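Q: heads up, no residue letters with this:
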(Lines give C-alpha, C1' and ligand atoms only; values in the text may rest on other atoms or scores of the structure.)
Protein backbone atom coordinates (compact mmCIF):
# COMPACT_ATOMS: atom_id res chain seq x y z
CA UNK A 1 0.00 0.00 0.00
CA UNK A 2 1.26 3.49 -0.79
CA UNK A 3 0.16 7.10 -1.02
CA UNK A 4 1.82 10.00 -2.79
CA UNK A 5 2.16 13.29 -0.95
CA UNK A 6 3.11 16.76 -2.16
CA UNK A 7 4.84 19.07 0.31
CA UNK A 8 5.06 22.84 0.07
CA UNK A 9 6.29 25.43 2.53
CA UNK A 10 9.50 27.09 3.63
CA UNK A 11 11.29 23.73 3.48
CA UNK A 12 10.40 20.10 2.93
CA UNK A 13 9.74 17.89 5.99
CA UNK A 14 12.60 15.86 7.43
CA UNK A 15 12.60 12.09 6.90
CA UNK A 16 11.67 11.57 10.57
CA UNK A 17 8.46 13.55 10.08
CA UNK A 18 7.54 11.60 6.97
CA UNK A 19 8.33 8.30 8.68
CA UNK A 20 5.96 9.24 11.50
CA UNK A 21 3.25 9.86 8.91
CA UNK A 22 3.71 6.54 7.14
CA UNK A 23 4.35 4.42 10.24
CA UNK A 24 1.12 5.46 11.91
CA UNK A 25 2.81 6.55 15.13
CA UNK A 26 3.45 9.93 16.67
CA UNK A 27 6.89 11.49 16.27
CA UNK A 28 9.32 10.10 18.83
CA UNK A 29 7.47 6.82 19.32
CA UNK A 30 9.76 3.74 19.23
CA UNK A 31 7.10 1.69 17.42
CA UNK A 32 6.61 1.81 13.68
CA UNK A 33 5.16 -0.61 11.14
CA UNK A 34 6.02 0.84 7.75
CA UNK A 35 9.09 1.20 5.61
CA UNK A 36 10.84 4.53 5.41
CA UNK A 37 9.42 6.99 2.86
CA UNK A 38 11.02 7.02 -0.59
CA UNK A 39 11.80 9.56 -3.29
CA UNK A 40 11.48 12.60 -1.07
CA UNK A 41 13.42 15.71 -1.94
CA UNK A 42 15.63 17.01 0.82
CA UNK A 43 16.88 20.51 -0.02
CA UNK A 44 15.21 23.53 1.52
CA UNK A 45 12.92 25.02 -1.09
CA UNK A 46 9.62 26.87 -1.52
CA UNK A 47 8.81 24.77 -4.60
CA UNK A 48 6.38 21.91 -3.90
CA UNK A 49 8.17 18.58 -3.74
CA UNK A 50 6.80 15.08 -3.49
CA UNK A 51 7.41 11.61 -2.20
CA UNK A 52 5.55 8.36 -1.75
CA UNK A 53 4.81 6.93 1.65
CA UNK A 54 4.63 3.12 1.97
CA UNK A 55 2.10 1.54 4.35
CA UNK A 56 1.49 -2.04 5.48
CA UNK A 57 -1.18 -4.03 3.61
CA UNK A 58 -4.64 -3.21 4.88
CA UNK A 59 -3.52 0.02 6.57
CA UNK A 60 -5.52 3.23 6.55
CA UNK A 61 -4.23 6.78 6.26
CA UNK A 62 -4.72 8.30 9.70
CA UNK A 63 -5.67 11.87 8.78
CA UNK A 64 -5.95 13.13 12.39
CA UNK A 65 -2.42 11.81 13.03
CA UNK A 66 -1.17 13.32 9.79
CA UNK A 67 -2.73 16.68 10.70
CA UNK A 68 -1.18 16.53 14.18
CA UNK A 69 2.22 15.62 12.77
CA UNK A 70 2.19 18.41 10.21
CA UNK A 71 1.01 20.96 12.79
CA UNK A 72 3.78 19.92 15.16
CA UNK A 73 6.63 20.38 12.74
CA UNK A 74 8.85 23.37 13.47
CA UNK A 75 8.17 25.10 10.12
CA UNK A 76 4.82 25.56 8.36
CA UNK A 77 4.17 23.06 5.60
CA UNK A 78 1.17 22.06 3.51
CA UNK A 79 0.70 18.39 2.64
CA UNK A 80 -1.53 17.34 -0.27
CA UNK A 81 -2.17 13.60 -0.39
CA UNK A 82 -3.70 10.98 -2.62
CA UNK A 83 -5.59 7.98 -1.27
CA UNK A 84 -3.90 4.76 -0.21
CA UNK A 85 -3.61 2.45 -3.23
CA UNK A 86 -2.03 -0.92 -4.00
CA UNK A 87 0.11 -2.06 -6.94
CA UNK A 88 1.52 -0.22 -9.95
CA UNK A 89 -1.86 1.03 -11.12
CA UNK A 90 -2.61 2.19 -7.58
CA UNK A 91 0.66 4.11 -7.48
CA UNK A 92 -0.34 5.94 -10.66
CA UNK A 93 -3.79 6.72 -9.22
CA UNK A 94 -2.50 8.05 -5.90
CA UNK A 95 0.03 10.24 -7.69
CA UNK A 96 -2.73 11.66 -9.91
CA UNK A 97 -4.94 12.23 -6.86
CA UNK A 98 -2.16 14.00 -4.98
CA UNK A 99 -1.68 16.32 -7.95
CA UNK A 100 -5.39 17.16 -7.81
CA UNK A 101 -5.16 17.87 -4.07
CA UNK A 102 -2.09 20.01 -4.71
CA UNK A 103 -4.07 22.07 -7.22
CA UNK A 104 -6.54 22.89 -4.44
CA UNK A 105 -3.76 23.76 -1.99
CA UNK A 106 -2.01 26.07 -4.46
CA UNK A 107 -5.26 27.72 -5.62
CA UNK A 108 -6.22 28.50 -2.03
CA UNK A 109 -2.89 30.09 -1.18
CA UNK A 110 -3.62 29.47 2.51
CA UNK A 111 -0.37 29.13 4.49
CA UNK A 112 0.44 25.95 6.40
CA UNK A 113 0.40 23.99 8.50
CA UNK A 114 -2.37 22.35 6.49
CA UNK A 115 -3.36 18.93 5.20
CA UNK A 116 -5.32 18.68 1.95
CA UNK A 117 -6.46 15.06 1.38
CA UNK A 118 -7.98 14.06 -1.94
CA UNK A 119 -10.88 12.30 -0.19
CA UNK A 120 -12.15 15.70 0.95
CA UNK A 121 -11.30 17.84 -2.09
CA UNK A 122 -11.92 15.69 -5.16
CA UNK A 123 -14.90 17.76 -6.33
CA UNK A 124 -13.20 21.00 -5.31
CA UNK A 125 -10.18 20.18 -7.50
CA UNK A 126 -12.43 19.84 -10.54
CA UNK A 127 -13.74 23.37 -9.97
CA UNK A 128 -10.30 25.00 -9.71
CA UNK A 129 -9.73 25.15 -13.45
CA UNK A 130 -11.71 28.38 -13.74
CA UNK A 131 -11.55 30.15 -10.40
CA UNK A 132 -13.34 33.25 -11.68
CA UNK A 133 -16.39 31.20 -12.68
CA UNK A 134 -16.18 29.19 -9.45
CA UNK A 135 -16.05 32.36 -7.35
CA UNK A 136 -19.05 33.78 -9.20
CA UNK A 137 -21.02 30.58 -8.59
CA UNK A 138 -20.15 30.53 -4.88
CA UNK A 139 -21.39 34.12 -4.52
CA UNK A 140 -24.63 33.30 -6.32
CA UNK A 141 -25.29 30.26 -4.13
CA UNK A 142 -24.27 31.65 -0.74
CA UNK A 143 -24.79 35.40 -1.06
CA UNK A 144 -23.69 37.19 2.12
CA UNK A 145 -22.66 33.85 3.62
CA UNK A 146 -19.67 33.96 1.25
CA UNK A 147 -18.36 37.16 2.84
CA UNK A 148 -14.69 37.21 3.76
CA UNK A 149 -15.18 38.06 7.42
CA UNK A 150 -14.98 36.14 10.74
CA UNK A 151 -18.72 36.12 11.46
CA UNK A 152 -19.60 34.63 8.08
CA UNK A 153 -16.72 32.16 8.42
CA UNK A 154 -18.13 30.88 11.73
CA UNK A 155 -21.57 30.42 10.20
CA UNK A 156 -20.14 28.67 7.12
CA UNK A 157 -18.09 26.24 9.17
CA UNK A 158 -21.03 25.40 11.43
CA UNK A 159 -23.41 24.81 8.53
CA UNK A 160 -20.79 22.77 6.65
CA UNK A 161 -20.33 20.42 9.61
CA UNK A 162 -24.09 20.36 10.28
CA UNK A 163 -24.86 19.24 6.72
CA UNK A 164 -21.97 16.74 6.67
CA UNK A 165 -23.40 15.05 9.79
CA UNK A 166 -26.84 14.60 8.25
CA UNK A 167 -28.23 17.76 9.87
CA UNK A 168 -27.56 16.35 13.34
CA UNK A 169 -27.30 18.94 16.09
CA UNK A 170 -25.79 16.36 18.46
CA UNK A 171 -23.03 15.35 16.04
CA UNK A 172 -22.31 19.00 15.16
CA UNK A 173 -22.01 19.93 18.84
CA UNK A 174 -19.53 17.09 19.33
CA UNK A 175 -17.51 17.88 16.21
CA UNK A 176 -17.21 21.59 16.96
CA UNK A 177 -17.12 21.32 20.76
CA UNK A 178 -19.86 23.94 21.02
CA UNK A 179 -23.08 24.34 22.99
CA UNK A 180 -26.21 23.29 21.12
CA UNK A 181 -27.68 26.78 21.46
CA UNK A 182 -24.60 28.28 19.79
CA UNK A 183 -24.88 25.82 16.92
CA UNK A 184 -28.58 26.63 16.48
CA UNK A 185 -27.86 30.37 16.58
CA UNK A 186 -25.21 30.16 13.85
CA UNK A 187 -27.42 28.00 11.66
CA UNK A 188 -30.28 30.48 12.01
CA UNK A 189 -27.91 33.33 11.14
CA UNK A 190 -26.79 31.42 8.06
CA UNK A 191 -30.40 30.82 7.05
CA UNK A 192 -31.06 34.55 7.32
CA UNK A 193 -28.20 35.18 4.91
CA UNK A 194 -29.33 32.42 2.54
CA UNK A 195 -33.00 33.34 2.68
CA UNK A 196 -34.02 29.69 3.21
CA UNK A 197 -33.44 26.65 5.41
CA UNK A 198 -29.96 25.19 5.02
CA UNK A 199 -31.23 21.69 4.21
CA UNK A 200 -33.43 22.90 1.34
CA UNK A 201 -31.75 22.10 -2.01
CA UNK A 202 -28.65 21.29 0.01
CA UNK A 203 -26.38 20.02 -2.78
CA UNK A 204 -25.36 23.45 -4.10
CA UNK A 205 -24.80 24.96 -0.62
CA UNK A 206 -22.77 21.92 0.47
CA UNK A 207 -20.51 22.19 -2.56
CA UNK A 208 -20.17 25.95 -2.20
CA UNK A 209 -19.34 25.61 1.50
CA UNK A 210 -16.69 23.01 0.68
CA UNK A 211 -15.16 25.42 -1.82
CA UNK A 212 -15.09 28.18 0.80
CA UNK A 213 -13.53 25.86 3.36
CA UNK A 214 -10.73 24.59 1.14
CA UNK A 215 -10.09 27.63 -1.09
CA UNK A 216 -10.78 30.42 1.40
CA UNK A 217 -10.19 33.97 0.12
CA UNK A 218 -9.76 32.68 -3.43
CA UNK A 219 -13.56 32.30 -3.68
CA UNK A 220 -14.86 34.58 -0.93
CA UNK A 221 -16.29 38.03 -1.59
CA UNK A 222 -15.87 41.50 -0.18
CA UNK A 223 -18.72 43.42 1.41
CA UNK A 224 -19.19 45.43 -1.81
CA UNK A 225 -19.48 42.31 -3.95
CA UNK A 226 -22.10 40.35 -2.03
CA UNK A 227 -25.04 38.89 -3.98
CA UNK A 228 -28.55 37.77 -3.22
CA UNK A 229 -28.49 33.93 -3.24
CA UNK A 230 -30.44 32.34 -6.04
CA UNK A 231 -33.61 30.68 -4.83
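A: Here it is on my side, so go on. Note that the structure is a prediction, hence the values are computed from the model and not measured.
Q: sec struct for residue 153, please.
A: helix (DSSP: H, G, I helix; E, B strand; the rest coil).
Q: give me the below-cutoff pLDDT ranges for this protein.
A: 1-2, 4, 6-49, 223-231 (pLDDT under 70).
Q: does the residue nearest the centre of it belong to a helix, a strand or coil?
A: Nearest to the mean C-alpha position of the chain, by C-alpha atoms, centre = their mean, lies residue 116 at 4.2 Å. Per three-state DSSP, the secondary structure class of residue 116 is strand.
Q: for it, give me its contacts.
A: Residue 116 makes contact with 78, 79, 80, 81, 101, 102, 104, 105, 214, according to C-beta atoms under 8 Å, 6 or more residues apart in numbering. Any C-beta I mention is one placed from the backbone N, CA and C, and that applies to glycine too.
Q: so can I have JSON lines of these showing secondary structure and neighbour count?
A: Putting the contacts of residue 116 into JSON lines (DSSP: H, G, I helix; E, B strand; the rest coil; neighbours: other C-beta atoms under 10 Å) gives the following:
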{"residue": "78", "secondary structure": "strand", "neighbour count": "22"}
{"residue": "79", "secondary structure": "strand", "neighbour count": "28"}
{"residue": "80", "secondary structure": "strand", "neighbour count": "28"}
{"residue": "81", "secondary structure": "strand", "neighbour count": "25"}
{"residue": "101", "secondary structure": "helix", "neighbour count": "29"}
{"residue": "102", "secondary structure": "helix", "neighbour count": "26"}
{"residue": "104", "secondary structure": "helix", "neighbour count": "25"}
{"residue": "105", "secondary structure": "helix", "neighbour count": "24"}
{"residue": "214", "secondary structure": "helix", "neighbour count": "24"}
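Q: relative to residue 206, which of those residues is nearest.
A: Nearest to residue 206 among these: residue 214, at 12.7 Å, using C-beta to C-beta.
Q: verify the stated contact: the closest one with residue 124.
A: Yes. Using C-beta atoms under 8 Å, residue 214 is in contact with residue 124, at 5.0 Å.
Q: identify the contacts common to these two.
A: Joint contacts of residue 214 and residue 124 (C-beta under 8 Å, 6+ apart) are residue 104.
Q: thinking again about what came up before, make CSV out of the contacts of residue 116 and add distance to residue 187.
A: Listed next are the contacts of residue 116 as CSV, based on distance: C-beta to C-beta, whole Å:
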residue, distance to residue 187
78, 30
79, 31
80, 31
81, 31
101, 29
102, 33
104, 26
105, 29
214, 21
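Q: tell me where the chain has strands.
A: Applying DSSP state E to the chain gives strands spanning 2-9, 49-54, 77-81, 114-117.
Q: for the second one, buried residues please.
A: Of all the residues in strand 49-54, those buried under the rule 16 or more other C-beta atoms under 10 Å are 49, 50, 51, 52, 53.
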